[in-house]
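>>> build me a model from this:
(chains A and B)
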Amino acid sequence: MSQLENDIRRVFAEVWVLEKGSTSPTLMADTILLDTGLDSLGFAIFVSSLDEALGFDPFTLAEDAFYPQTFSEFVAFYERYQPKT
Amino acid sequence: MNSLAQQIAPQLADALIVSSSGGTVRGADLRNTGVALDIGADTRIALKLHDPLDVVRALAALDGQVKAVLLLSHALAPETALVLAQIAGCTFFVSDMMPKGADGISVRPLETVFGPHRRQDPQPTEWLMTTSGTTGIPKIVPHTLRSLARSVYRFSRDSDQSALPVWGLLYDPTRFAGLQVVLQALIGGGRLAVIDTTLPLADQVTALADHGCTHLSATPTLWRRLMMVPGHGRLPLHQVTLGGEIADQPTLNALRAAFPAARLSHIYASTEAGVGFSVTDGLAGFPQSYLDKAPGNVRLKIEDDILWLRPPVTALVAGLPGIEVDAAGYVRSGDRVSLDGGRVMFMGRENGLINIGGVKVYPETVEAVVKTVAGVALVQVSAKRSPVTGALVVAEVQLDVGADPDTTRRLIQEVCRARLDREAVPAIIRFVAGFATNAAGKLVRTGG
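Presented below is the predicted three-dimensional model:
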């Protein structure tokens, strides 16, 4: 698992606890993001918290809007737009 | 002026409205409805009903028969509903959810409203809408069926039934955007598919697809979420309508790609002014040429970077609280705009109002709550752009000397959650060393 994927999982768990007050579900590669139980606002906070933690937001960087459906698509989207060091 | 019941398009006799929870309303039932004998022409009625089908049945029965109908959201707190009903001069509630009335206002169930009485010559009924917003008492905005149905497109009476639209209703029908969908289906000629919005979104999409939904109106936030549902492309959409928030170019592009066969339309409307105009070229903002000539006989002007609009039909009069109408009849929209390459682009609200997926939040309301938290010296609330909900609430906080950041952050979250709507709770809390203040010693508010 990449460091980036670890960070995404960690932030997801933090946002989940804050929003739902319970232990976050395990994200599998084929988990449908909408099925996790985070609503639009929860998902917006997740993306925004990732921006604060990682320093980039692929949804804003991408020329064309993309709406990942599964967790693996979500991670791949972040990997594609991760700033090269 | 014909009443709503008289205007219901005759193309569809059966199953005019279907609900994902199993209910059905026939066009003939709505056209032939009447009211109980004790409901006179001067009656002012407040509606607060759970089921969108009941809202439509009530409106079809009452329009043209009574003086005024106040449309209240089922989600409104009962005490707020009561205050609004008093302000509007209503004598009773038609409701399946109000626990009790108050002095001079009784509560009765919907079925007691129906009866044999029907005026042959319908009178103009005031449709009293309320504005949304997460603070204080909503404003009451007077409309008429004529001002609300002004932009309804009427399909030909000769149209093949299979060619008629099926409108999906994902909005509250007592809100401006939802009522537009209802009127478009009823008067324009089409079916209405009422979807249970408490279901998971994937199930709502399945229900829309099962009902053959061809026309769908939603906020940009909901459209973005809808595009995350696997299989959303099977919706047989001919029309994709966006409203309630700024429609940005990435979202419009994504919708164009997701539904290539659909007409893409973003609506500029407000509860106050009604439908302003729609934009169908797939580009964000609207053509600058609309300032000279806008579709639908709406007149537009920009003053001090604020968009003003004059609808051709309105029930607005000067002097209504909280609504600014100038001498020439233009309504101040409160939306900041700027010119960019032949387009007029929306830049946010003039008073800093934050629109989070269609829910409007006043920064001052959030600041007032955060200020009460121990450890907070100063706070400034602003918007952060979000690719998901359009905006999120950010609180920048200057701590009291010696206050612990982690403890204060947790306290701010706890207090805000207890006292504010969820959208208004700061999604991001940042601690800062200090703020810029103006000559009057007030915090300088930046951005919008």
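>>> and the helices in the chain?
Answering for chain A, as no chain was given. Applying DSSP state H to chain A gives helices spanning A:3-20, A:40-54, A:58-61, A:71-81.
>>> correction: the question concerned chain B.
Counting by DSSP H, chain B has helices at residues B:4-7, B:27-31, B:52-62, B:78-87, B:145-148, B:176-188, B:201-210, B:220-226, B:249-258, B:363-370, B:405-419.
>>> pLDDT below threshold where in chain A?
For chain A, residues meeting the criterion pLDDT under 70 lie at A:85.
>>> and the pLDDT for the closest residue to B:Pro138 other than its chain neighbours?
What sits nearest to B:Pro138 in space, not counting adjacent residues and going by CB to CB, 6 or more residues apart in numbering or on different chains, is B:Thr130, at 4.0 Å. No exception for glycine: its C-beta is placed from N, CA and C like everyone else's. At B:Thr130, the model reports a pLDDT of 91.
>>> I figured B:Thr130 hits B:His143, correct?
No: using CB atoms under 8 Å, B:Thr130 is not in contact with B:His143, being 10.9 Å away.
>>> A:Asp64: how many residues sit nearby?
Neighbour count for A:Asp64, taken as other CB atoms under 10 Å in any protein chain shown: 8.
>>> spit out the contact partners of residue 20.
No chain in the question, so chain A it is. Residues near A:Lys20 by CB atoms under 8 Å, 6 or more residues apart in numbering or on different chains: A:37, A:42.
>>> my question was about chain B
Shown in contact with B:Ser20 (CB under 8 Å, 6+ apart): B:193-196, B:199, B:204, B:207, B:211.
>>> repeat the analysis, applying 6 Å as the threshold.
Listed by CB atoms under 6 Å, 6 or more residues apart in numbering or on different chains, the contact partners of B:Ser20 are B:195-196, B:207.
>>> and if you look at B:Gln249?
B:Ala284 are the contacts of B:Gln249 under CB under 6 Å, 6+ apart.
>>> same thing but at 10 Å, please
The contact partners of B:Gln249, taken as CB atoms under 10 Å, 6 or more residues apart in numbering or on different chains, are A:65, B:282-285, B:345.
>>> roughly how far apart are it and B:Leu235?
Distance, B:Gln249 to B:Leu235, using CB to CB, to the nearest Å: 22 Å.
>>> B:Ala15 now?
Computed as CB to CB, the B:Ala15 to B:Leu235 distance reads 20 Å.
>>> same deal with B:Ala207?
Distance of B:Ala207 to B:Leu235, given as CB to CB: 11 Å.
>>> could you tell me the end-to-end distance of stretch B:220-233?
In stretch B:220-233, first residue to last residue: 17 Å (CA to CA, to the nearest Å).
>>> mind listing what's buried along that stretch?
Neighbour-count burial for stretch B:220-233 flags B:220-229, B:232 (criterion: 16 or more other CB atoms under 10 Å in any protein chain shown).
>>> one more: stretch B:234-248?
Applying a neighbour-count criterion of 16+ other CB under 10 Å, one finds B:235, B:237, B:239-248 buried in stretch B:234-248.
>>> next, give me the two most distant ones among these.
Largest separation among those by CB to CB: B:Leu235 and B:Ile246, giving 23.5 Å.
>>> measure the residue of the stretch 51-200 of chain B found nearest chain A to B:Ala254 for me?
Residue nearest to chain A within the stretch 51-200 of chain B: B:Pro200 (7.3 Å; CB to the nearest CB). Distance of B:Pro200 to B:Ala254, computed by CB to CB: 21 Å.
>>> same thing with B:Val317?
For B:Val317, the distance to B:Ala254 equals 42 Å [CB to CB].
>>> the two: which is more packed in?
Remark: of B:Val317 and B:Ala254, B:Ala254 carries more neighbours, 18 against 9, as counted by other CB under 10 Å.
>>> contacts only, for that one.
Contacts of B:Ala254 (CB under 10 Å, 6+ apart): A:64-67, B:223-224, B:227, B:248.
>>> ok, 6 Å please
Contacts of B:Ala254 (CB under 6 Å, 6+ apart): A:65, B:227.
>>> show the pLDDT at it.
Listed pLDDT for B:Ala254 reads 93.
>>> burial of the residue lying closest to B:Pro230 once chain neighbours are set aside, as a residue count?
Nearest non-adjacent residue to B:Pro230, counting by CB to CB, 6+ apart: A:Gln69, 5.1 Å away. A total of 19 residues lie near A:Gln69 under the criterion other CB under 10 Å.
>>> A:Gln69 and A:Leu34, how far apart?
According to CB to CB, A:Gln69 stands 8 Å off from A:Leu34.
>>> surely B:Ser19 and B:Ala193 touch.
No: using CB atoms under 6 Å, B:Ser19 is not in contact with B:Ala193; the gap is 7.7 Å.
>>> neighbour count winner among these two?
When B:Ser19 and B:Ala193 are compared for neighbours, B:Ala193 comes out ahead with 25 against 19, by other CB under 10 Å.
>>> number of residues surrounding the closest residue to that one other than its chain neighbours?
Nearest non-adjacent residue to B:Ala193, counting by CB to CB, 6+ apart: B:His211, 3.8 Å away. By the criterion of other CB under 10 Å, B:His211 has 19 neighbours.
>>> before we move on, what about B:Leu110?
B:Leu110 has 17 neighbouring residues, counting by other CB under 10 Å.
>>> now do B:Gly104
11.
>>> that one and B:Thr91: what is the separation?
Distance from B:Gly104 to B:Thr91, by CB to CB: 7 Å.
>>> likewise for B:Leu53?
Distance, B:Leu53 to B:Thr91, by CB to CB: 25 Å.
>>> end-to-end on stretch B:385-393?
One end of stretch B:385-393 sits 9 Å from the other (CA to CA).
>>> per-residue confidence averaged over it?
Averaged over stretch B:385-393, pLDDT sits at 92.
>>> what's in contact with it?
Outside stretch B:385-393, the residues within contact range by CB under 6 Å, 6+ apart are A:40, A:43-44, A:47-48, A:59-60, B:221, B:245, B:354-357, B:383-384, B:426-427.
>>> again, 8 Å this time
With CB under 8 Å, 6+ apart, stretch B:385-393 has contacts from A:40-41, A:43-45, A:47-48, A:57, A:59-60, A:65, B:220-221, B:224-225, B:245-246, B:248, B:250, B:354-357, B:361, B:363, B:366, B:381, B:383-384, B:423-428.
>>> great, nothing more from me.
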